[in-house]
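>>> Take a look and give me a structure for this.
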Amino acid sequence: MQRVEGGSVVVRKQAKQQRSREKVQLILDVTLEMLGNTPAEKITTNDIAKTAGVNIASLYQFFPKKEAVFFELYRQWLEQTLTLLDGVDAQFDGSEGLEAYADAVFDCLSTDESVNTPGHWKLRFALGNSPELAELNARHEEKAFRRIIAAQEKFSRKVTPEQARALARLQHHVSVSCLYAAAEAAGQPEHGILLEWCRKTVRLVYDAEKLSA
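Modelled structure (predicted):
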């Protein structure tokens, strides 16, 4: 992971007018598409502006540097992931079985191109170290952990607080690895096999009783 030296990676100012919001989103969408085809270190703010068809000065109004574009994309990615998780959770009342729930979560996140493309994972690894990134990741993990623990309760899994935190941490990191592998293998002959193995792996880490057996 490359290190970003100096300066904030957060958005310089929020777009308030509709036209400005559309321009910012265009910059973000173009950057994500570029990440799918170009190494992150090769992308410049000039490249982003040119591809998006916006003036470089307009880009700098909102983003002080390319890492700020990456950071905002990453923030949106995390929020969209939680939104999809909540959508899946709303479809279950706890009577269907935890395995079906785990399958639904993995199938949703692994096939939705708004959260699982090679560009997203290049973005994750392109971000350097910064206090803002550390804080964002910590907040996201806590939100994800709360959802994971709530799912155990919904499906009547009895776990101690220590087991719940351990399960949440394990499930979070295993799920991330499986989703990354699924995106990386997209279009490859082994993709179907990989998806099935990942699905089985995610089922296991969703079930505290099986892990404790």
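
>>> Can you give me the neighbour number for Gln61?
The number of residues packed near Gln61 is 16, by other C-beta atoms under 10 Å. C-beta: built from backbone N, CA, C; applies to glycine.

>>> sec struct for it, please.
On the three-state scheme (DSSP: H, G, I helix; E, B strand; the rest coil), Gln61 is labelled helix.

>>> Need the per-residue pLDDT for it.
If you check Gln61, the pLDDT there is 89.

>>> Over to the one 5 residues further on?
The score at Lys66 is 90. That number is its pLDDT.

>>> Can you name the residues that contact the nearest residue to Ala186 once chain neighbours are set aside?
With C-beta to C-beta, 6 or more residues apart in numbering as the criterion, Ala186 has its nearest non-adjacent residue at 7.2 Å, and that residue is Pro118. Counting by C-beta atoms under 8 Å, 6 or more residues apart in numbering, Pro118 makes contact with Leu35, Gly36, Ala183, Glu184, Ala186.

>>> at 10 Å what do you get?
Contacts of Pro118 were listed using C-beta atoms under 10 Å, 6 or more residues apart in numbering, and they are Leu35, Gly36, Asn37, Tyr180, Ala183, Glu184, Ala185, Ala186, Gly187.

>>> just Leu84 next, same as before
Counting by C-beta under 10 Å, 6+ apart, Leu84 has contacts Val105, Cys108, Leu109, Asp112, Ser114, Val115, Asn116.

>>> one more time with 6 Å, if that's ok
Applying C-beta atoms under 6 Å, 6 or more residues apart in numbering to Leu84 gives the contacts Cys108.
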